[in-house]
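> Would you be able to build a 3D model of this:
(chains A and B)
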Amino acid sequence: MLTLHSDHSSQQCDGTTRRDFLRVGGLSLLGLSLPAVLRAEAAAAGPSPARGATARAKNVLIIYLGGGLTHHDTFDPKPEAPEEIRGKYGVIPTGVAGMRFTEQVPRLAACTDLYALVRSQVSGSDHHETSAQWMLTGNYGLMQGGDFPALGAICTHELKPLNTLPPYVAIPRNHSFTWELGKAAWLGERYESFKAGDPSKPDWKVTNLALQQDVNRARLGRRSTLLSAVDDLARRVENSGDLQAMDAFYERAARMVLSDEARAAFDLNRESERTRDAYGRADRWGAQALLARRLVEANVRVVFLQYSAWDHHAKIFESCDRALKPWDQAVATLLRDMKDRGLLDETLVAMFGDFGRTAKINKDGGRDHWANAGSMLFAGAGVRGGQVIGVTDTRGEYVLDRPVRPPEVAATIYGALGVDFHKELHTPQNRPVRILPDGAAAIRELYT
Amino acid sequence: MTVEKLPMRHDLRRALTGAVASLLWLFPARAAGAPRSEAAPAAPTAPSRRLRLLPERVSLDGPLARQQLIVLGERADGSVTDLTAQSRLASAQPAIVRVQGAAVRAGTQNGGARILVRAAGLTAYTTVQVTHVEAPVFYSFQNDVVPTLARLGCSSGTCHGANSGKGGFRLSLRGYAPELDFLWITRQFAGRRISREAPEQSLFLRKPLMLTSHGGGKRLTRDTPEYDVLLGWIQEGAPGPDPSEPRVTRLQLLPAERACRTGEAQQFVALATYSDGRTRDVTDRALFQSNDPGQASVTEGGRVRALNPGQTAVMAKLSDQLAVARIEVPFPQTPNPAAFPSPVNFVDRAVQSALRRLRLEPGPPCRDDEFLRRLFLDGLGTLPTAAEARRFLVECDAERTRPAHRSPRKKPDPTNWSAVPVQTRARWIEHVLDRPERASVWALKLSDLFLMRKEHMGRKNTLALHQWLTEQFLANRPWDQVVTALVTAAGAIAEKPETLWWASRQSTRPNANGWVRHYELTGEIAAQVFVGQRIQCARCHNHPTERYTQDDYYSFAALFAQVNGEGRANPVPEVFSAKDRGEVRQPRTGQVMPARPLDRSALTGADGDDRRIGFARWLTGEGKHLFARNIANRIWARSFGSGVVEPVDDLRSTNPPRVPDLLEALGDDLIAHGYDLKATMRAIWLSRTYQTSAIATPANRVDTQYFSRYPVRRLQAEELLDAVVQVTGIPDRFANYPVGTRAQDLSDTEIASPFLDTFGRPVRVMPCDCERGSAPSLSQALDLFNGENLQSKLKDPTGVIAQLARSGRDEASLIEELFLTTVARHPRPAELVAMRSALLHAPDREQGFQDALWALINTREFQFQH
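Modelled structure (predicted):
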């Protein structure tokens, strides 16, 4: 079995070690070009595993509905149920015969051909952190505490980067309720997401990526020249992986800052007013979804888009009146736009959250955590659109058919990218850990 | 011990091309003697002078007893070669002892027999005692079947030993629970795995033989000892584990240590001693494992091959016993004896002796400025200021020009140890030992390991415990007293902040009043932080590389199970006390475990006493070596970036120190100084080992582990931030902390700081040093290369640059000031030229100096300890 250690001396199956990569990286200072560094890094990241039937994605876009979306008031309405369950929204037909949504998500109802809806999420825990941890790692049953690397970090560890952009970007940052999840945990900071921040804010710019106002290209060039004149430690000290890795990262950083590729990807001003209007400007979703599309287009491996505003324990309809329409507009436009640009051919889009919400509206006019049913959306990279998977009971409380648990969601994402999720990784304490628990498998129905 | 350069295969090749090859070919055992006539340098293929046989005494007990012998050829220089495979044995009394390759077996009669061993043209004799050949053959479930299943891989973690088993059949991981294995094998699946009527038809055999389809493939072959064991056991009627059967009480590996050339192989033998006094060859039962498979490989059968220069250990494990053999592989070079400076203290003696054996050469001394920066960062977590650097360098020069140091005509050679200003360095070591920042360094370290974060105990409580820790180090309270105070803490948190060590929301103890940390986690922290033992594995199964069992884990946890809280001082209890009965059950057996330390020594004190007091006594009593070596290793790691034992908190017996004797010496020295941590720091910093240059020399460039040169490492997140703040003069702001608070003085890892997170501040959920990230990353490079935070500090009108630019001092002196501030040295002429040229091209003086400081901060020299 191929095992990858997270420490520096891990042996890859092509015989190079991570230390080799670091050593090669160090040569950059002596004139090795960046593409060569990237090639070496790609070798260090190991060859792509055999791509299975579902593996056709180059990128993944995860839209995370933190807090737990109310499935009753969106994708899985129960109009025949008593009022304290069905809520206040009417229902509308969708592109799939017999499938109805609430009137709050008209645009997603109109483009069901683009995606498959799963109405049978069973996250297994009513607790935010636990459930989010399971959904974001696929490690169902894992202890809470943020101690397992998230999907994005594992993908970054397992796959070659596609360009000079960071391979894993979170918009605006990783999911966080009381503490931050979606981190690289013991894989290390190298595999952590790059935080894009919130592009809907007027003064938004990506941390440290754009040139400073008072440090233009020429000045940064002068600084770099000066730096190379006074920085000779790496040359005098040999065999230090960290010193040489730092060199490689400096070179990448310089490349990112000085080249247009990264900056262009993050520059929403390059989009037309019409496009920005289409994504919506009323709420922050529009700008964030648009940035997500740009990053996918620029070939960022894993884009993690966080829509965390759904923990409606009270006055759920007041909140949903405001929040659902802009979200519906942003996601529907995103899917349509990706389709039009051909991005859905090689990008898997997965939208899910911690869990669904309780059927019965509580005394505060809200819905509480509910781990036994919820809705998820999958699109692109071979997913057959226009279908619904799973059925909940008449109250929308329990899954009657085809429960889908966190490991299957993760396996679907890994499978799409061709990440071998049966592989064992080693923790810093050298404990062998499988990426996903035994028996995990992708949601087959998405592809049939 | 010297060891040859050439691989062993060479012996044979030379022999074959030799004049008498055709004759020798028939007797390869004698081939090694052939090159004797050659005039070539003797060492690589020097002939063996004498044979040594292991084990020295052989006794065979029972009809199936067998013992593999190890035949070593000893050379004149004391080095050895493995002649086992080419040796020929002959028994004087085959009825008593039969020979089989290099092994002996019991014959049909009891008695003693002389065995003649021939190899490499030499002979040796040993006497073998045979007893109980008349006893009936008996295969024991726990002593024969369970180890065989482990050895065949059946109970490994990737097969049936997985938590959920495989294919519906589960075994305990590597056989830690024989009683469960027995149930699963004989009762589960309606008992269909075993056929007592037709033993050979048992599914239990047919599956691994691949006579019935088996997901794990073919694992077993007929007519092998393994097959005999499994079949024999079923034929006996498949008896279950019997507590009255002898247990393994000791395991031994022979030879106990071995120096090898790269590529050389050595057969090892594992000997088990049982509780009835018998010994038995268990080479075919034990599990072998290399501590560093990149350094030496080991086969299932115990044959070790040295792969790369360096040293490592090979381990054998059987039941809950284990044995270790050290493997040392010298580098293929000849060090210059003159490169070894005279040792200053026990540190140098131990390191130099290891370097000599490994054929590495220590580097030259580091420069004075390097020493000062190193000492300040390791000791205080802070850079020397420009003024301190200047003063130190002047004092060094003064000492060097004193007549005692050199003849006035000769310019001192910086690569020569005799030019090192020893007294000045010693004086400044004392200065650093007395500075208060030293306490911050260690309070921070312990705050990490004690998992201090708001979410676990509330911010104000992290502050109080952090403050208490800082005070202990300020007062240089002996380490045993600090730890005793923590682990036995009782009383009101308001009066005794050390009681907060027991507070945590993390895995709150069931039924405890308020946030009392679960005894399991407390046990894990105590084991890992105070005695360097990682016991987490044993919570669920036997530790794979240490002798700890689940019993040991829960017995240890029981030491900490009496603590409960009273009252509620949001969110933790107001008062902690150890009044509970503290009954801890081992979850697998349901047994209430006796509280005891990890070495299974009995706890002193009566029932109902505070067990923690007994534990504290154990730490400085029977556990004192582990206790002292653990903290000494941590101090070493603080000074060298990695421990004498690495990982730093993994002092298990199967993970020997990189430098033998050093850890022992450090521990003993600490005990002799009454656990005065300053004494250990002083000894390390005074040593020439610590004062060695980081720059590679031809004779030590290959070394990244054995301290022949000083290892470079990136500054810790907090140190780096404090350093940036110090050299720019503009502090970072931390919510709810006064402006100017150093990052190293934060009590709680949840205080927001993107910089600290980017540079690897630990999240504090595991009591493990490995949580702190030191690896470089793209975000780190971006942060310093193009960071807004740094740029705003550089251009702040109240910052260092603005002040310097306005000061009216001349350019050269300002450049010098910046160099001394950041890297504690004067600029070299070429650097001065580059700086002046950059200043010339800058639009204005202030921008030019901003760029100069930017460049210095972005050097590896600034960001790394070297």
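> any chance you could map the helices in the stretch 51-200 of chain B?
B:146-151, B:178-186 (DSSP state H, counting those that start in this stretch).
> Could you point out the helix or strand that follows the last one?
Downstream of helix B:178-186, the first helix or strand assigned by DSSP states H and E is helix B:203-209.
> Run through who's touching that next one.
With contact meaning Cβ atoms under 8 Å, 6 or more residues apart in numbering or on different chains, helix B:203-209 is reached by B:152, B:154, B:185, B:192-195, B:199, B:211-212, B:214, B:216, B:218-222, B:227, B:230-231, B:234. Every residue, glycine included, has its C-beta placed from N, CA and C.
> follow-up on the earlier one: between the helices of the stretch 51-200 of chain B, which one is nearest to residue B:853?
When these are compared by Cβ to Cβ, helix B:146-151 sits nearest residue B:853, at 61.0 Å.
> Let's test this: mean pLDDT of the closest one, rounded?
Mean per-residue pLDDT for helix B:146-151: 94.
> chain center to it, what's the gap?
A distance of 28 Å separates the centroid of the chain from that of helix B:146-151, by Cα atoms, centre = their mean, to the nearest Å.
> Tell me the helices and strands packed up against it.
Judged by 3 or more Cβ pairs under 8 Å, 6 or more residues apart in numbering or on different chains; DSSP states H and E, the packing partners of helix B:146-151 are helix B:178-186, helix B:225-235.
> now the angle from the shortest one to helix B:225-235?
Relative orientation of helix B:178-186 versus helix B:225-235 (axes from the mean of the first three to the mean of the last three Cα atoms, to 10 degrees): 80 degrees.
> number of nearby residues for residue 67?
In the absence of a named chain, chain A is used. A count of nearby residues for residue A:67, using other Cβ atoms under 10 Å in any protein chain shown, gives 22.
> um, chain B though
If you count neighbours by other Cβ under 10 Å, residue B:67 ends up with 21.
> could you list every residue that touches it?
Residue B:67 sits next to B:55, B:58, B:60, B:103-105, B:128, B:269, B:281 when contact means Cβ under 8 Å, 6+ apart.
> Residues in a beta bridge with it, which ones?
Listed by DSSP bridges, the beta-bridge partners for residue B:67 are residue B:104.
> Return the distance of it relative to residue B:806.
Using Cβ to Cβ, to the nearest Å, one obtains 85 Å as the distance from residue B:67 to residue B:806.
> in the stretch 51-200 of chain A, what spans have low per-residue confidence?
By pLDDT under 70, the weakly predicted segments of the stretch 51-200 of chain A are A:51-55, A:141-147, A:177-179, A:189.
> swap the cut-off to 90 and go again
Along the stretch 51-200 of chain A, the model assigns pLDDT under 90 to residues A:51-56, A:124-133, A:139-148, A:160-167, A:172-197.
> I'd like the average pLDDT over the helix or strand containing residue A:319.
If you go by DSSP H and E, residue A:319 is part of helix A:316-340. The average pLDDT for helix A:316-340 rounds to 96.
> Then stretch B:627-639?
Mean per-residue pLDDT for stretch B:627-639: 98.
> close to chain A, is it?
No: contact of stretch B:627-639 with chain A (Cβ under 8 Å from any Cβ of the partner chain) is absent, the minimum separation being 14.8 Å.
> how about that stretch as CSV, C-alpha atoms only?
Once non-C-alpha atoms are left out, stretch B:627-639 reads as follows in CSV (Å, rounded to 0.1, in the frame of the first residue of the first chain):
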residue,chain,number,x,y,z
PHE,B,627,11.2,12.9,34.6
ALA,B,628,14.6,14.6,34.5
ARG,B,629,15.5,13.4,30.9
ASN,B,630,12.2,14.6,29.6
ILE,B,631,12.7,18.2,30.7
ALA,B,632,16.4,18.1,29.9
ASN,B,633,15.5,17.0,26.4
ARG,B,634,13.0,19.8,26.1
ILE,B,635,15.7,22.3,27.1
TRP,B,636,18.0,20.8,24.6
ALA,B,637,15.4,21.0,21.9
ARG,B,638,14.8,24.7,22.7
SER,B,639,18.5,25.3,22.2
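> Measure how far it is from the centre of its chain, please.
From the chain centre to the centre of stretch B:627-639 is a distance of 12 Å (Cα atoms, centre = their mean).
> Need the residues that contact it.
With contact meaning Cβ under 8 Å, 6+ apart, stretch B:627-639 is reached by B:378, B:441, B:445, B:479-480, B:483, B:530-532, B:619-620, B:643-646, B:648-649, B:651, B:663-664, B:666-671, B:675, B:677, B:680-681, B:684-685, B:690, B:769.
> what's the one helix or strand residue A:221 maps to packed up against?
According to DSSP H and E, residue A:221 maps onto helix A:217-230. Here helix A:217-230 is seen to pack against helix A:241-258, helix B:829-841, helix B:845-857 when contacts are counted using 3+ Cβ pairs under 8 Å, 6+ apart.
> Dump these into JSON lines; add mean neighbour count and distance to residue B:261 as well.
Listed next are the helices and strands packed on helix A:217-230 as JSON lines, based on neighbours: other Cβ atoms under 10 Å in any protein chain shown; distance: least, Cβ to Cβ, whole Å:
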{"stretch": "helix A:241-258", "mean neighbour count": "23", "distance to residue B:261": "27"}
{"stretch": "helix B:829-841", "mean neighbour count": "16", "distance to residue B:261": "45"}
{"stretch": "helix B:845-857", "mean neighbour count": "23", "distance to residue B:261": "47"}
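> Mind putting those helices into a markdown table with distance to residue A:95?
Shown next, in a markdown table, are the helices and strands packed on helix A:217-230 (distance: least, Cβ to Cβ, whole Å):
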| stretch | distance to residue A:95 |
| --- | --- |
| helix A:241-258 | 41 |
| helix B:829-841 | 64 |
| helix B:845-857 | 57 |
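> Switch those helices over to CSV; also include mean pLDDT.
Output for the helices and strands packed on helix A:217-230, formatted as CSV (pLDDT from 0 to 100):
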stretch, mean pLDDT
helix A:241-258, 80
helix B:829-841, 93
helix B:845-857, 95
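> What ranges does the stretch 751-866 of chain B have for its helices?
B:754-758, B:778-785, B:788-795, B:800-806, B:811-823, B:829-841, B:845-857, B:860-863.
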